[in-house]
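> give the three-dimensional model of this entry:
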Amino acid sequence: MKSKVFILYTGGTFGMKESENGLEPSTWKEIIEYLPAIKNQTYFNHFSSINFTFDTLEPVVDSSNMNPAIWKRIADCISDNYNSHDGFIVIHGTDTLSYTASALSFMFENLSKPIVLTGAQLPIFHPRTDGIINLSNAIYIAGYKRFELTCIPEVCICFNDDLLRGNRAIKSSTNDFEGFSSPNFENLASLEQRIQISENVLPIPEGKELKIYPTFSQKVVNVTVFPGYNVAALQDLVDNKKIEGIVLKTFGSGNLPKDDSWKQLVQTCEKNEVIILATTQSANGRIEIGQYAASNFLKNPIVANGKDITSPAALTKLMWVIGNFEFKDRIKMLSKSLRGEISLYN
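Take a look at the predicted model:
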């Protein structure tokens, strides 16, 4: 069975080239010049039963420059080609890849096709690049019909023979080929000599019409608590209504210093309708508000329990919820799993 796969190149290490200012992104045309196998179509002849569409997000970007406006452009590009393709691949820089994967997962509701983000730790021009295998594996997931594989109808990250749920992944290494991990959720698939898909964890499409919610609020802050943290600057932002949301990365399972300034901050947030999404600094595990007395400050209706959500997913979810929904609905949406981004506990 034939498949139609859309590949969008956005920039990143995958296509980086040397310049006087260091590594800078190349264009897709430049990448092809360095890859005779692709240029002469012999690489894609291996996938002769797949019809490919290539596009470039101009201008290509270093992923450190990624922002909500570019997320929307990526989503629009996928949306415009959604009905005519079976799967999608987004080639992206690794630094913010997990943020983009999380953002896209929230933007698309009722997704029924795979959106696979991938990239590389070494540029495609490097003789030991990991880019080729990452792209090849992504093609198998996006072109699932051709290979008689199970459809994975969600936003995912394909890297170093692993397929991860996009909003569960974090960048765990700057130099290992296994650059991403999923600390609190099993991999969606393993792409070794045999491709093994964890079908038991995949969402079941309900056949509803695809919806896109594209707006992200940028009136949020990401706060990591540390010993001696001075709440005054954060209190000022809340007092003057300069922000609408805080991702609060607490100690351990939700603990804060025993200091009245934290209690005052939470009370002011409630007064000014500034939502706190409480998470843990630990990569593994979850927060449990009330388990320790040091977390009692967070027993407040303005605080959403982030459970085991990752830092990239917490931030993008908070931005997305504030950007698209009224205040009365936000706490409920932040506290439950919308796209499989948090685990369900008894």
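> would you agree His269 falls within a strand?
No His there; residue 269 is Cys. No - under the criterion used here (DSSP: H, G, I helix; E, B strand; the rest coil), Cys269 is helix, not part of a strand.
> which residues sit in contact with it?
If you count contacts by CB atoms under 8 Å, 6 or more residues apart in numbering, Cys269 has them with 238, 246, 275-276, 300, 302. C-beta coordinates here come from the backbone N, C-alpha and C atoms, glycine included.
> and if we set it to 10 Å?
For Cys269, the contact set (CB atoms under 10 Å, 6 or more residues apart in numbering) comprises 234-235, 238, 243, 245-246, 248, 275-276, 300, 302-303.
> pLDDT-wise, which helix or strand of the chain ranks last?
Sorted by mean pLDDT, DSSP states H and E, the helices and strands of the chain end with helix 36-39, the least confident at a mean of 54.
> returning to what we had before: top of the contacts of Cys269 by neighbour count?
Leu248 (28 neighbours; other CB atoms under 10 Å).
> so which helix or strand takes in it?
Element membership of Leu248 [criterion: DSSP states H and E] is strand 245-250.
> tell me how far that strand lies from the chain's centre.
18 Å (CA atoms, centre = their mean, to the nearest Å).
> now swap in stretch 136-146 and tell me
The answer for stretch 136-146 is 20 Å, by CA atoms, centre = their mean.
> likewise stretch 275-284?
For stretch 275-284, the distance to the chain centre is 16 Å (CA atoms, centre = their mean).
> domain ranges for this protein?
With domains defined by automatic domain parsing, the chain comprises 3-212, 220-335.
> so how far is Arg286 from Val266?
20 Å (CB to CB, to the nearest Å).
> ok, those two, which is more surrounded?
Val266 (21 against 18).
> spit out the contact partners of that one.
So Val266 contacts 238, 246, 248, 256, 274, 276, 297-300, 302-303 (CB under 10 Å, 6+ apart).
> mind checking which helix or strand Thr150 is in?
Going by DSSP H and E, Thr150 is not in any helix or strand.
> wait, it touches Glu199, no?
Yes - under the criterion of CB atoms under 10 Å, Thr150 makes contact with Glu199 at 5.6 Å.
> so for these two, which residue has more residues nearby?
Using other CB under 10 Å as the criterion, Thr150 and Glu199 rank with Thr150 on top: 14 against 10.
> and the gap between Leu344 and Leu111?
19 Å.
> more crowded one of these two?
Neighbours per residue (other CB under 10 Å) separate Leu344 from Leu111, with Leu111 holding more: 21 against 8.
> wait, that one touches Ile204, no?
No - judged on CB under 10 Å, Leu111 makes no contact with Ile204 at a distance of 11.6 Å.
> residue at max distance from the center of this structure?
Asp260 (35.2 Å; CA atoms, centre = their mean).
> residue contacts, that one?
Per CB under 10 Å, 6+ apart, neighbours of Asp260: 231, 297.
> likewise for Gly254?
Gly254 neighbours (CB under 10 Å, 6+ apart): 248, 278-280, 286-292, 294-299, 303, 305-306.
> can you pull the pLDDT of it?
Note on Gly254: pLDDT of 90.
> from Val223, how far off is it?
With CB to CB as the criterion, Gly254 and Val223 are 14 Å apart.
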